[in-house]
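> fold the following for me, if possible:
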Amino acid sequence: MSSIEIGSIVEGVVTGITNFGAFVELPGGKVGLIHISEVADVYVKDVREFLKESEAVKVKVLSIDDKGKIGLSIKALQKRPAPVDRRKPTVSFEDRLTKFMKDSDERLLDLKRNTESKRGGRGGGARGK
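Sure, this is the predicted structure:
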């Protein structure tokens, strides 16, 4: 049986899932919490999409407070993806330029529409009747 101390990696069983995380029973009958922010490397909207009750999980002990509350993490055990090489664009310059020009034209058109409607220009409706 492994001792539960900050930094140790232990295996436990998910005993409950809440909106803010999952409770895990650790060796020796102690219970710790995996906060929703420590479930995965990606945004977690619902813990149930990542964990199920009675599932065995490997966790890292992040903290143990004065009252004995144990903070756990699965995210700390996940391997980080290799850094993306930013020097090699995945989209060609021409494609990026085309998208920029299209977005820019759309923004200008929206701006023009908003400006004209505030000034009471074309299409301003029936005024002064």
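> what's the helix or strand for residue 43?
Remark: residue 43 resides in no helix or strand, with elements defined by DSSP states H and E.
> report how many residues lie close to it.
Other residues lying near residue 43 total 7 when counted by other C-beta atoms under 10 Å. C-betas here are computed from N, CA, C, even on glycine.
> could you do residue 62 as well?
18.
> check residue 113 too.
Residue 113 has 13 nearby residues by other C-beta under 10 Å.
> checking it next. Helix, strand or coil?
Under DSSP: H, G, I helix; E, B strand; the rest coil, the three-state class of residue 113 is helix.
> please shift the residue numbers so they start at 616 in all later answers.
Yep, numbering from 616; the last one is residue 728 now.
> ok, the residue sitting nearest the centre point of the chain to residue 689 distance?
For the chain, residue 658 is the residue whose C-alpha lies nearest the centre (C-alpha atoms, centre = their mean; 1.6 Å). Distance of residue 658 to residue 689, computed by C-beta to C-beta, to the nearest Å: 14 Å.
> now residue 665
Distance from residue 665 to residue 689, counting by C-beta to C-beta: 8 Å.
> and for those two, which residues touch both?
Residues touching both residue 665 and residue 689 (C-beta atoms under 8 Å, 6 or more residues apart in numbering) are 654-655.
> mind giving me the domain split of this structure?
624-692, 704-734 (automatic domain parsing).
> show me the shaky parts of the chain.
616-617, 695-704, 734-744 (pLDDT under 70).
> could you pull out the helices for it?
When assigned using DSSP state H, the helices of the chain occupy the ranges 708-734.
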